[in-house]
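>>> prediction below, plus the sequence it came from.
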Amino acid sequence: MSTKSRCTGLLAALALVAATASDARTLLITDDQLTPETFPEAAALIRESLPVIPPQHLSNARRNQVERGLLEIERLLADGPDRHRDALRALQVRVNRALGPAITRESGQSPMVCQRVKPLGSRIVTVQCLSREDREIEQWRARDFMAKPVIPTIRQGPMARVRVD
């Protein structure tokens, strides 16, 4: 490997760290970037940054997933963004979910943890990605909510319940 290519790689790594340190979501696709005018620039930035992210932060499978997602988004945007709004949003979530943990690790933030969640009363499974601190806060809030005593109230109307003391 030549000195010039090492310097280029080092500069690209420093640029990625500087970009992610200032804003951890710099490389994530935002809703306003899902237009034919702005997406090519965002995709180019992501593609330039992918080789710089170390393999321990972003696996080859995730890199391929991001590349395929970017290509599919470009194809759908060329076909018409209004016709494929739902598919574009799904691909945006898929690419961001693949990049999110790697970006937070690169920027020195707490790593994101993605978990499959089935909300109470629903059969639809969703994926929720939160940092470890945010997940601990959510767990604390849930425990706090469950620990609060239930205070019976007197209601009016046909659904009124008798208060038991």
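Sure, I can see it. Numbering: from 1, shown residues only.

>>> in stretch 78-86, what's buried?
Neighbour counts over stretch 78-86 (16 or more other C-beta atoms under 10 Å) mark residue 84 as buried. For the C-beta atoms, the positions are set from N, CA and C on the backbone; glycine is no exception.

>>> and for stretch 53-72?
Those would be 53, 58, 62-63, 65-67, 69-70, 72, for stretch 53-72 by 16+ other C-beta under 10 Å.

>>> can you get me the start-to-end distance on stretch 46-66?
Start to finish, the residues bounding stretch 46-66 are 9 Å apart (C-alpha to C-alpha, to the nearest Å).

>>> now do the strands in this protein.
In the chain, the segments counted as strands under DSSP state E are 112-117, 126-131.

>>> could you dump the buried residues of stretch 53-72 to JSON lines with pLDDT?
JSON lines is the format used below for the buried residues of stretch 53-72 (pLDDT from 0 to 100):
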{"residue": "53", "pLDDT": "82"}
{"residue": "58", "pLDDT": "83"}
{"residue": "62", "pLDDT": "87"}
{"residue": "63", "pLDDT": "90"}
{"residue": "65", "pLDDT": "91"}
{"residue": "66", "pLDDT": "91"}
{"residue": "67", "pLDDT": "93"}
{"residue": "69", "pLDDT": "93"}
{"residue": "70", "pLDDT": "93"}
{"residue": "72", "pLDDT": "94"}
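
>>> closest to residue 148 out of these?
Relative to residue 148, the closest of the buried residues of stretch 53-72 is residue 62; by C-beta to C-beta it sits at 40.8 Å.

>>> which residues does the closest residue to that closest one other than its chain neighbours contact?
Nearest non-adjacent residue to residue 62, counting by C-beta to C-beta, 6 or more residues apart in numbering: residue 98, 4.6 Å away. The contact partners of residue 98, by C-beta atoms under 8 Å, 6 or more residues apart in numbering, come to 58, 62, 65-66, 69.

>>> give me the local confidence score for residue 98.
The predicted local confidence for residue 98 comes out at a pLDDT of 85.

>>> which one among the contacts of residue 98 gets closest to residue 46?
Out of the contacts of residue 98, the one with the shortest distance to residue 46 is residue 66. That distance is 6.8 Å, counting by C-beta to C-beta.
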